[in-house]
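# Fold the stuff below for me.
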Amino acid sequence: MGYLSVSGEHTTEKVIERSRFITTSCHAEGEEQAKAFIARMRAKFADATHNCHAYIADPTGNFPRFSDDGEPGGTAGMPILEVIKNKKLFCTAVVVTRYFGGIKLGAGGLVRAYSGCAAENLESAPKLMYMPCEEYLFTVGYDCVDICNRYFGLSDCEVKNTEYSSSVSFTVAVKKEQAAAFTAAIYDRLNGRIDIKKLREFVCGFKL
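As a prediction, this is how the structure comes out:
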């Protein structure tokens, strides 16, 4: 089962009633990565009035976290979190930095400002569909290289590395749900003239 998330780090900026809002979103796989990202933003904008944040750092949405960082309760962190939820994003952290401009926005104004900044940022942020993947090492003789290349070129996979020695080894990543059929098909095409070794399982991002 895959999940949608932002790709990398994305920053947007907006001025509302003289207050400067800088919004930064980031892909974060796990709470440790989310906390490290937030700490980095706090250090980067250490002179800001507030660094409010929210994140869902797992693929299921079971552990949402947020902070108002000194803004009135419920006016910053929770609105940011609701935007992440409404966008159906996972493994995503957002920090909205505010430099106070001298005009108070009131509770309603703060909610609109923080949620609006988060929504604009996440709308424009590059996104990927993250899927469970498996990585394999396929080793063949030189007489099988063209068949492998044609097969890989027609398949939904990523050839990450090719090594030439006494034989040829391809390191290939494929979606986990397709892995069994993928490996069986290339084995059949080569009539068993291939050594297949599973290297690892991981999560990989695919363009929408």
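# now Ala57: how far from Glu32?
Distance, Ala57 to Glu32, using C-beta to C-beta, to the nearest Å: 8 Å. C-beta coordinates here come from the backbone N, C-alpha and C atoms, glycine included.
# quick one: which of these two has more around it?
Comparing Ala57 with Glu32 by other C-beta atoms under 10 Å, the one with more neighbours is Ala57, at 23 against 10.
# Who are the contact partners of the more buried one?
Neighbour list for Ala57: Ala28, Glu29, Gly30, Glu31, Gln33, Ala34, Phe63, Arg65, Cys91, Thr92, Ala93 [criterion: C-beta atoms under 8 Å, 6 or more residues apart in numbering].
# could you redo the last one with a cut-off of 10 Å?
For Ala57, the contact set (C-beta atoms under 10 Å, 6 or more residues apart in numbering) comprises 27-35, 37, 63-65, 90-93.
# What average pLDDT does stretch 134-144 get?
Stretch 134-144 shows a mean pLDDT of 97.
# Send me it as CSV with only the CA atoms.
Extracted C-alpha coordinates of stretch 134-144, given in CSV (Å, rounded to 0.1, in the frame of the first residue of the first chain):
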residue,chain,number,x,y,z
GLU,A,134,12.3,-4.6,-3.5
GLU,A,135,15.8,-4.4,-4.9
TYR,A,136,17.3,-7.4,-6.8
LEU,A,137,20.7,-8.3,-8.3
PHE,A,138,20.3,-10.1,-11.6
THR,A,139,23.4,-11.8,-12.9
VAL,A,140,23.6,-13.1,-16.5
GLY,A,141,26.0,-14.0,-19.3
TYR,A,142,26.8,-11.5,-22.1
ASP,A,143,24.5,-13.4,-24.5
CYS,A,144,21.5,-12.4,-22.3
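# So which bits of it are buried?
Glu134, Glu135, Tyr136, Phe138, Thr139, Val140, Cys144 (16 or more other C-beta atoms under 10 Å).
# what does stretch 29-40 give?
For stretch 29-40, burial by neighbour count (16+ other C-beta under 10 Å) applies to Gln33, Ala34, Lys35, Phe37, Ile38.
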